[in-house]
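Peer 1: Below is the sequence, then the predicted model.
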Amino acid sequence: MNKKLHIRFIINPKSGVGSKARLPDMIEKLLDQSKYTYEISYTTGPGHATELARDAADKKMSIVVACGGDGSVNEVAAGLIGSETRLAIIPRGSGNGLAMYLGLGRGVKKALRAINHGRTEQIDICYMNDRPYINMGGVGYAALVAYKLKSSKLRGFIAYAKFAVEQASWFKGREVTVTANGETKKFNTFLIEVANGAMFGYNVTIAPKAKLNDGLLDVFLVKYRPRWRIILSLALRWPFNVLHKSSLVNYFKTDHLKIEMHQATPYHMDGEGGITRHTVEYRVAPKAINIIVPKQCRVL
């Protein structure tokens, strides 16, 4: 008889807009307990998910499940880098960008089905300086929206839209110097996103050529122009997933990116961030983490 594999579910009780109260019951009901034993841990603050994940990896647990949004997935992944322990996701956040990209949707049932019957893949991890992230990082307007949303008690798409509109009404461009692929250029930027996966939350695809296991960063740089022009150009392309084709966008791949700031600039990594005045560098650690995806996942 095969030995059962052990799973640690890490639940962020503060992520997203819905209650997590029913999640333990759904795990008990839907997890294939002929294959798995499990335990549940709850996070108590920033960084705790990383500690719990690292402890699970040290104890050679088979799977750690991040139950939360992109920020929670980021924290859990940081504790599993370079280990044999596999990452899985139950999307319980607001945007759930990585989960949506992998085909997990927003529901618990589909995510648990992937754990029961899915497959394991190796994917890249990105770094901003020495800090890892798994899906999306960047500087500028989108980072400011994420920063404002994180510091608010509001959650969900309505909250995201509220802050996006508010910040767009006054946000000014940032002068930066960008070095990549042997070239150095200066830009007045609205935002720069450095992507591992293809999309933000809420199905906003900005990097359609991104692959989680190609060892490359996908850079989506929007040049600063009059706000009405930026909004119009991007709004017309958003429904068709062709934001990268705007004349205001520089979109390219690289394995290393340096952004020199010339003034205080917002930054984020999977929605977690702040303000920096310093140079930031981005790099990739190829296939640094094992992740469980749906059996029919089309992006890996």
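Peer 2: Happy to help now that I have it. Bear in mind that the values here come from a model prediction, so they are computed numbers and not experimental data.
Peer 1: The closest residue to I192 other than its chain neighbours in helix, strand or coil?
Peer 2: In space, I192 comes closest to L221 once its chain neighbours are excluded; the distance is 4.8 Å by C-beta to C-beta, 6 or more residues apart in numbering. (Each C-beta comes from the backbone N, C-alpha and C, glycine too.) Classification of L221 by DSSP: H, G, I helix; E, B strand; the rest coil places it in strand.
Peer 1: Pull the number of nearby residues for L221.
Peer 2: Close neighbours of L221, defined as other C-beta atoms under 10 Å, add up to 25.
Peer 1: Hmm, it is touching K186, no?
Peer 2: No: using C-beta atoms under 8 Å, L221 makes no contact with K186, being 11.9 Å away.
Peer 1: how much space between the nearest residue to Y38 once chain neighbours are set aside and V242?
Peer 2: Nearest in space to Y38, with sequence neighbours left out and distances taken as C-beta to C-beta, 6+ apart, is I7 at 4.3 Å. Distance, I7 to V242, by C-beta to C-beta, to the nearest Å: 39 Å.
Peer 1: Between those two, point out the one with more neighbours.
Peer 2: I7 (23 against 13).
Peer 1: so which strand or helix has the more buried one?
Peer 2: strand 5-11 (DSSP states H and E).
Peer 1: Is V194 in contact with R283, as I believe?
Peer 2: No: the criterion here is C-beta under 8 Å, and V194 misses it with R283 at 9.9 Å.
Peer 1: Pull up the overlap in contacts between those two.
Peer 2: 126, 217, 257 (C-beta atoms under 8 Å, 6 or more residues apart in numbering).
Peer 1: quick one: the strands in the stretch 51-200 of the chain?
Peer 2: 63-68, 86-91, 119-128, 131-133, 136-140, 174-180, 183-195 (DSSP state E, counting those that start in this stretch).
Peer 1: number of nearby residues for the residue nearest to G79 when sequence neighbours are not counted?
Peer 2: Leaving aside its sequence neighbours, G79 sits nearest to A53 (C-beta to C-beta, 6+ apart; 2.9 Å). Neighbour count of A53, defined by other C-beta under 10 Å: 27.
Peer 1: Tell me who's in contact with A53.
Peer 2: Contacts of A53 (C-beta under 8 Å, 6+ apart): 8, 10, 64, 66, 75-80, 85.
Peer 1: Among those, which one sits closest to S34?
Peer 2: Comparing the contacts of A53 against S34 with C-beta to C-beta places R8 closest, at 18.7 Å.
Peer 1: Could you give the bridge partners of the closest one?
Peer 2: For R8, the beta-bridge partners under DSSP bridges are E39, V64.
Peer 1: now it: how far from N96?
Peer 2: According to C-beta to C-beta, R8 stands 20 Å off from N96.
Peer 1: between those two, who's got more neighbours?
Peer 2: Counted by other C-beta under 10 Å, R8 and N96 do not tie: N96 has more neighbours, with 27 against 21.
Peer 1: Would you mind measuring from that one to N135?
Peer 2: N96 is 10 Å from N135, by C-beta to C-beta.
Peer 1: Then N188?
Peer 2: 26 Å.
Peer 1: So which of the two has more stuff around it?
Peer 2: N135 (28 against 12).
Peer 1: so what pLDDT did that one get?
Peer 2: As predicted, N135 sits at a pLDDT of 96.
Peer 1: Could you verify my assumption that it touches G71?
Peer 2: No: counting by C-beta under 8 Å, N135 does not reach G71; the two are 10.1 Å apart.
Peer 1: any shared contact partners between these two?
Peer 2: D270.
Peer 1: No more questions from me, cheers.
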